[in-house]
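Student: coords please:
(chains A and B)
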Number of protein chains: 2
Amino acid sequence: MRSTPTAETFPAHTPAASQIFTTVLSQGPLTRLEVARRAGLSAAAVTKAVRPLLADGYLVETADEEARPALGRPATLVRVDGGRALFIGVKATGDELIGVLTDLCCRIRLARRVPLTDRATKAVLAAMTDLVHELLAEAEDFGTPVLGLGVAVSGDVDRTEGVVRYSPFLDWRDVSLAELAAEATGLPVTVENDVRALTVAEQWFGAGVGLSDFAVVTVGAGIGCGLVVHGRVIAGAHGVAGEIGHVTVDPAGPPCRCGNRGCVEAIAGDAAIVRRIRETTGVEVADTAEAVTLAHQGVAGAREAYARAGEAIGRGIATVANLLGPERVIISGEGLAAYDLFAEQIRDTFAAAAFGSAADCDVQTRPLPFEEWARGAAATAIQSFITPDEPRPSR
Amino acid sequence: MRSTPTAETFPAHTPAASQIFTTVLSQGPLTRLEVARRAGLSAAAVTKAVRPLLADGYLVETADEEARPALGRPATLVRVDGGRALFIGVKATGDELIGVLTDLCCRIRLARRVPLTDRATKAVLAAMTDLVHELLAEAEDFGTPVLGLGVAVSGDVDRTEGVVRYSPFLDWRDVSLAELAAEATGLPVTVENDVRALTVAEQWFGAGVGLSDFAVVTVGAGIGCGLVVHGRVIAGAHGVAGEIGHVTVDPAGPPCRCGNRGCVEAIAGDAAIVRRIRETTGVEVADTAEAVTLAHQGVAGAREAYARAGEAIGRGIATVANLLGPERVIISGEGLAAYDLFAEQIRDTFAAAAFGSAADCDVQTRPLPFEEWARGAAATAIQSFITPDEPRPSR
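Tutor: You can find the predicted model right below:
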């Protein structure tokens, strides 16, 4: 049961063309002149790149009625035709798969969740294939081709090779996920670390639009970080980057799965908080929901565990700010559900540990449900489709 | 006593032209085709950008005799004519000024050191003006114009505004150094943080050539860090970046001048090591030279202080590697004189604290005397001269 692979390719595979398309995608509609200004390119380069994209229907022109001059024609705006193509994004957690069908503008048309009962590669791949086929069947109603699949997985992911090198929550090592998923679905597949995928979505459509340097910090089961520097997401020369979860907060702190002690994640990850509450209160807390409830009831040991977590996160964010000096840090992740329990400690510790004007960094929170992470996965598929320099997806 | 300001400007102020020039400067001589490949530009763009640079003598052509084909003409190589222009670079420490006169290829033609007896802005500026005038007088023998001055100062430096916001070693706050030095010397002036200036020199001419992601970590009076990500030095959205000296190693550690405790610099900076040795041995160690001697004599407290410093530096480097995943980390700075006393601890702590494949980062040491830092300052002046996007120097 294999879908027909799509053979469609983007008509303009130059760095300038994909930069122009991305600018229109994330900031459009815009006049050609404004696209040139924002992309730092000449008007001639924009005109040249836009032509085949208009011809193939990826871009469309509309008159800017709002800016109609007193005499003469209104200015012409360029925008992406979202309906021109569809993409699928899937985020895998340890417990479920979240899938979305998006248009070319990465607007979510449909979203589906399926539980994962087995984390073995084969079982996850089978569930993912079913989910993708379901979304492909639904896509037929739109009469638009699905041009790519993005899959977001936590852990050490090599996007270029399409390999999940190590995912602790899935307990996977060296899984050639892009190849396996391409084989199973017939789609070009891009595999990316889930936090980096979310960061692409924030860069294009979220709180990072127009910023050349920002960070996304996710709190929850793990503590992750996506970093945009000089306008591009950092992948790391050896595949590792953004490991804010393994910034040391206290060398005498609790042991971490990475082999060190007192990492941010070993203090502020969901499991660490639950463990700490058990230790200090003696209550056999079952999960995060119960931990939050205890803290909201005012149980001192529970409140203290969250306060410590907030301090650890604040110190991790300060370390990012001191090293990279981002314009903004966006805190998100499922751990935001408990944000009122540690917001103050995050802010106070950040303010104390940020060096000089690094403290001017704008730290904000954004609740982003897992559908947004799946949207990030779809964004990486769009990125692979339009960008020549990005790793080409497996077929 | 003001020199005549030079009015000469670079003939090709487009991003592509400066990128092409920088590629030839750091990696040339190269064929046009090879320049295009390495700069990621089209051959046509290279040919177009090279033309005015050849006409004005910044670039010259030579035949590639080594690659002479069996039949026909040898390939033509393009290289920078170093003799086309001169630049001056000055590095200010708390104790002396180090000045160099370089050619356009940033080769040092002359170097001078003058002691600083007074750190007040006015006194330093007067000493710097004398030093620059001495170098300008020497430059007359070359019959080539001096086109810019770069000044490198430790601390929080806003290159765009040409302001030293805070330099702890000089005890300066909000000094408009670029404006003052331009006024005093008649040259276009670029002011940059000293470690970032050294990083530019390493990127163009040192251990960073051809790498898009690397870090320079300097050990000595302070612990500094220059970061190159996606091929460009990080400046920080708010002017702070690379503050590895203020990565927390131990929240219960010794107090740091930044107001926190247990920062890398509060454990591994020269003053911190001397202080630690005094505390543990009771010996009234006067300075770093004496501290090194004690450690080399095998005095336990002195050896322990260096071992702790090595662990702190190793942890700082691991934090950089875990967040940014650089290809290489270059350790330098005057503290390398004691490197044998903490090399093992740096390597062991880095290996233990690096997350997964971040440990594959190539950590190496490079002794770079202060003349190399001054050369870095000259490199920033060359950068300002050739690059439209870099902050323009004050006049």
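Student: could you find the closest non-adjacent residue to whichever residue of the stretch 101-250 of chain A sits closest to chain B?
Tutor: At 2.3 Å from chain B, residue A:236 is the closest residue in the stretch 101-250 of chain A, using C-beta to the nearest C-beta. For glycine as for every other residue, the C-beta is placed from the backbone atoms N, C-alpha and C. For residue A:236, ignoring the flanking residues on the chain, the nearest one in space by C-beta to C-beta, 6 or more residues apart in numbering or on different chains is residue B:325 at 2.3 Å.
Student: outline the domain layout of chain A.
Tutor: As recorded under automatic domain parsing, the domains making up chain A are A:15-80, A:84-200+A:371-386, A:210-365.
Student: up against chain B, what does the stretch 251-395 of chain A have?
Tutor: A:251-252, A:258-260, A:315, A:319-327, A:352-353, A:355-358, A:360-361 (C-beta under 8 Å from any C-beta of the partner chain).
Student: quick one on the thing from earlier: for the residue of the stretch 101-250 of chain A closest to chain B, the count of nearby residues, please.
Tutor: Counted by other C-beta atoms under 10 Å in any protein chain shown, the residues lying close to residue A:236 total 28.
Student: again with residue A:106
Tutor: That count, for residue A:106 with other C-beta under 10 Å as the rule, works out to 24.
Student: that one - that's part of a strand, no?
Tutor: No: assigned with DSSP: H, G, I helix; E, B strand; the rest coil, residue A:106 falls outside any strand and is coil.
Student: quick one: it from residue A:38, how far?
Tutor: Distance, residue A:106 to residue A:38, by C-beta to C-beta, to the nearest Å: 19 Å.
Student: now residue A:161
Tutor: Per C-beta to C-beta, residue A:161 is found 33 Å from residue A:38.
Student: by how many degrees do the lengthiest helix in chain A and helix B:300-324 diverge?
Tutor: Using DSSP state H, we find that the single longest helix of chain A is helix A:300-324. Between helix A:300-324 and helix B:300-324, the angle comes out at 80 degrees (axes from the mean of the first three to the mean of the last three C-alpha atoms, to 10 degrees).
Student: list the buried residues in helix A:300-324.
Tutor: Of all the residues in helix A:300-324, those buried under the rule 16 or more other C-beta atoms under 10 Å in any protein chain shown are A:301-303, A:305-324.
Student: just stretch A:284-302 next, same as before
Tutor: Under the neighbour-count criterion of 16+ other C-beta under 10 Å, stretch A:284-302 has A:285, A:288, A:291, A:292, A:294, A:295, A:299, A:301, A:302 buried.
Student: go on, stretch A:49-56?
Tutor: A:49, A:50, A:53.
Student: same deal with stretch A:106-120?
Tutor: Along stretch A:106-120, these residues count as buried under the neighbour rule (16+ other C-beta under 10 Å): A:106, A:109, A:110, A:111, A:112, A:116.
Student: and the contacts of stretch A:243-259?
Tutor: Here stretch A:243-259 makes contact (C-beta atoms under 8 Å, 6 or more residues apart in numbering or on different chains) with A:168, A:217, A:222-225, A:260-267, A:269, A:272, A:275-276, A:311-312, A:315-317, A:319-320, B:247-252, B:315, B:319, B:322-323, B:352-353, B:355, B:358.
Student: write the ChimeraX selection for whichever of the residues you listed are buried.
Tutor: Remark: buried members of these, expressed as a ChimeraX selection using 16+ other C-beta under 10 Å:
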select /A:217,222,223,224,225,260,262,263,264,265,266,267,269,272,275,276,311,312,315,316,317,319,320 /B:247,248,249,250,251,315,319,322,323,353,355,358
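Student: the contacts of stretch A:243-259 in strands, which ones?
Tutor: Judged by DSSP state E, strands contain the following of those: A:217, A:224, A:225.
Student: so what sits opposite the first one in the bridge?
Tutor: Under DSSP bridges, the beta-bridge partners of residue A:217 are residue A:225, residue A:331.
Student: and it, how close does it get to residue B:195?
Tutor: Distance of residue A:217 to residue B:195, computed by C-beta to C-beta: 26 Å.
Student: where does the prediction get shaky in chain A?
Tutor: A:1-7, A:66-72, A:388-395 (pLDDT under 70).
Student: 50 instead?
Tutor: For chain A, applying pLDDT under 50 flags the ranges A:1-5, A:389-395.
Student: helices along that one, start to end?
Tutor: A:15-27, A:32-39, A:43-55, A:121-139, A:177-185, A:194-205, A:264-268, A:270-281, A:288-296, A:300-324, A:343-353, A:370-386.
Student: of all those helices, which lies closest to residue A:8?
Tutor: Nearest to residue A:8, of all the helices of chain A, is helix A:370-386, at 8.8 Å by C-beta to C-beta.
Student: in the closest one, what counts as buried?
Tutor: Buried, per 16+ other C-beta under 10 Å, within helix A:370-386: A:370-386.
Student: for it, packing partners?
Tutor: Under the contact definition 3 or more C-beta pairs under 8 Å, 6 or more residues apart in numbering or on different chains; DSSP states H and E, helix A:370-386 sits against helix A:15-27, strand A:86-92, strand A:96-103, strand A:108-115, strand A:146-153, strand A:189-193, helix A:194-205.
Student: to residue B:135, which of the ones you listed lies closest?
Tutor: Closest of those to residue B:135 is helix A:15-27, at 41.2 Å (criterion: C-beta to C-beta).
Student: buried residues in that closest one?
Tutor: Neighbour-count burial for helix A:15-27 flags A:16, A:17, A:18, A:19, A:20, A:21, A:22, A:23, A:24, A:25, A:26, A:27 (criterion: 16+ other C-beta under 10 Å).
Student: need the residue closest to the centroid of chain A.
Tutor: In chain A, the residue lying closest to the centroid (C-alpha atoms, centre = their mean) is residue A:198, at 0.9 Å.
Student: residues of the stretch 51-200 of chain A that sit close to chain B?
Tutor: Counting by C-beta under 8 Å from any C-beta, the residues of the stretch 51-200 of chain A close to chain B are A:156, A:165, A:166.
Student: what's opposite the closest residue to the second one other than its chain neighbours in the beta bridge?
Tutor: If you skip the residues right next to it in sequence, residue A:165 has residue A:156 as its closest partner in space, 4.3 Å away by C-beta to C-beta, 6+ apart. On the basis of DSSP bridges, residue A:156 takes part in beta bridges with residue A:166.
Student: quick check, residue A:156 in contact with residue A:241.
Tutor: No: Residue A:156 is not in contact with residue A:241 according to C-beta atoms under 8 Å; the separation is 10.1 Å.
Student: please say which of those two ends up with more neighbours.
Tutor: residue A:241 (27 against 24).
Student: quick check, that one in contact with residue A:235.
Tutor: Yes: using C-beta under 8 Å, residue A:241 is in contact with residue A:235, at 5.9 Å.
Student: list the residues that contact both of the two?
Tutor: Counting by C-beta under 8 Å, 6+ apart, the contacts common to residue A:241 and residue A:235 are residue B:325.
Student: nearest to chain B, of the buried residues of helix A:15-27?
Tutor: Looking across these and measuring by C-beta to the nearest C-beta, the closest to chain B is residue A:16, at 9.9 Å.
Student: contacting residues around the closest one?
Tutor: Residues near residue A:16 by C-beta under 8 Å, 6+ apart: A:39, A:41, A:45, A:49.
Student: state the distance from residue A:378 to chain B.
Tutor: Per C-beta to the nearest C-beta, to the nearest Å, residue A:378 is found 24 Å from chain B.
Student: is it true that that residue touches residue A:99?
Tutor: No: using C-beta under 8 Å, residue A:378 is not in contact with residue A:99, being 9.3 Å away.
Student: quick one: common contacting residues for the two?
Tutor: Contacts common to residue A:378 and residue A:99, judged by C-beta under 8 Å, 6+ apart, are A:88, A:89.
Student: picking that back up, restrict the contacts of residue A:16 to those near chain B?
Tutor: Residues of the contacts of residue A:16 in contact with chain B (C-beta under 8 Å from any C-beta): none.
Student: which one of these sits closest to chain B?
Tutor: Chain B lies nearest to residue A:41 out of those, by C-beta to the nearest C-beta, at 9.0 Å.
Student: wait, doesn't that closest one sit right on residue A:22?
Tutor: No: using C-beta under 8 Å, residue A:41 is not in contact with residue A:22, being 12.0 Å away.
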